[in-house]
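Peer 1: My questions concern the predicted model and sequence given below.
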Amino acid sequence: MMEQGIFQFIAHGGITMVILAIFSIYSLAVIGERFYTYYKAQKATEQVAGKGLQYVADGKRAEALRLCEQNAGSPVARVLEAGLLAVIDQESPVLSGKRFSRRLESCKGAMQRATSAEITRLERYLGSLATLGNVSPFVGLFGTVLGIIRAFEAIAKTGSGGIGTVSSGIAEALVATAAGLFVAIPAVIAYNYFVGRVKDFTTAMDNATSEMVDRLLDQATHHGD
């Protein structure tokens with residue numbers, strides 16, 4: 001009975017319901033994938049953020065790099081890894097003077113590029129989710145117009161405006177409107193939530209970059225003294 005009701009629901013909506021069903025499936029897939037991606041990124045970030053920077057503060061850059069490589073799912077880990085690869089020197093763990101300044105500038109540049117790359121990765125599919133949220137109501141409205149047209153065509157053919165004559169067209173119109181909102185509302189809510197998560201990750205990456213540079217400067221000052 002439930003399946004029959006669903007099929008009748010889709011049948012009343014016509015082609016617009018098929019389009020909206022595809023939109024809905026894609027939207028749910030993106031929402032599920034982004035939730036999972038951000039969940040993994042958050043868990044990995046909790047493992048690496050404080051501990052990795054503490055390794056850097058203690059001069060254990062190799063250990064910090066290893067920790068970042070083990071938590072590659074974290075945007076913060078990837079940013080720190082890029083900075084460490086730019087500044088680490090296998091021959092001399094302590095850098096000073098002009099040599100340190102050049103390495104530090106390379107470190108900043110590498111971390112900024114890594115941050116940009118991670119933001120792009122975190123924002124993947126969000127554009128399509130926003131598009132679905134904006135377009136779906138209009139697709140539903142298109143179905144509504146088609147339904148009204150069918151209702152008037154039925155009136156023209158029968159010469160009667162009774163409920164039995166126009167019910168099919170009206171049903172299509174209402175179903176399409178409801179389906180458009182059904183697809184759009186979760187997509188818009190999820191998009192706004194995910195944008196907030198991306199901002200949180202971006203802040204965490206910027207803070208990690210700043211803290212790492214500060215700790216490298218502290219090390220250089222300490223060794224200079």
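Peer 2: On my side now, so go ahead.
Peer 1: Show me where the chain has its helices.
Peer 2: Using DSSP state H, the helices assigned to the chain run over residues 2-13, 15-57, 61-70, 75-87, 97-122, 126-158, 163-224.
Peer 1: among the ones you listed, which is the most enclosed?
Peer 2: helix 75-87 (a mean of 24; mean count of other CB atoms under 10 Å). Yep, even glycine has a C-beta here, placed from its N, CA and C like the rest.
Peer 1: I'd like to know which elements that one is packed against.
Peer 2: helix 15-57, helix 61-70, helix 97-122, helix 163-224 (3 or more CB pairs under 8 Å, 6 or more residues apart in numbering; DSSP states H and E).
Peer 1: Name the nearest residue to the residue positioned nearest the centre of the chain, sequence neighbours excluded.
Peer 2: The centre of the chain sits closest to residue 123, judged by CA atoms, centre = their mean, with a distance of 4.2 Å. Leaving out its chain neighbours, the residue that sits closest to residue 123 by CB to CB, 6 or more residues apart in numbering is residue 198, at 5.8 Å.
Peer 1: OK, contacts around that neighbour?
Peer 2: Taking CB atoms under 8 Å, 6 or more residues apart in numbering, we find residue 198 in contact with 119, 122, 123, 126.
Peer 1: where's it relative to residue 205, distance?
Peer 2: In this structure, residue 198 and residue 205 are 10 Å apart, going by CB to CB, to the nearest Å.
Peer 1: Quickly list what's touching both of these two.
Peer 2: Common contacts of residue 198 and residue 205 (CB under 8 Å, 6+ apart): residue 119.
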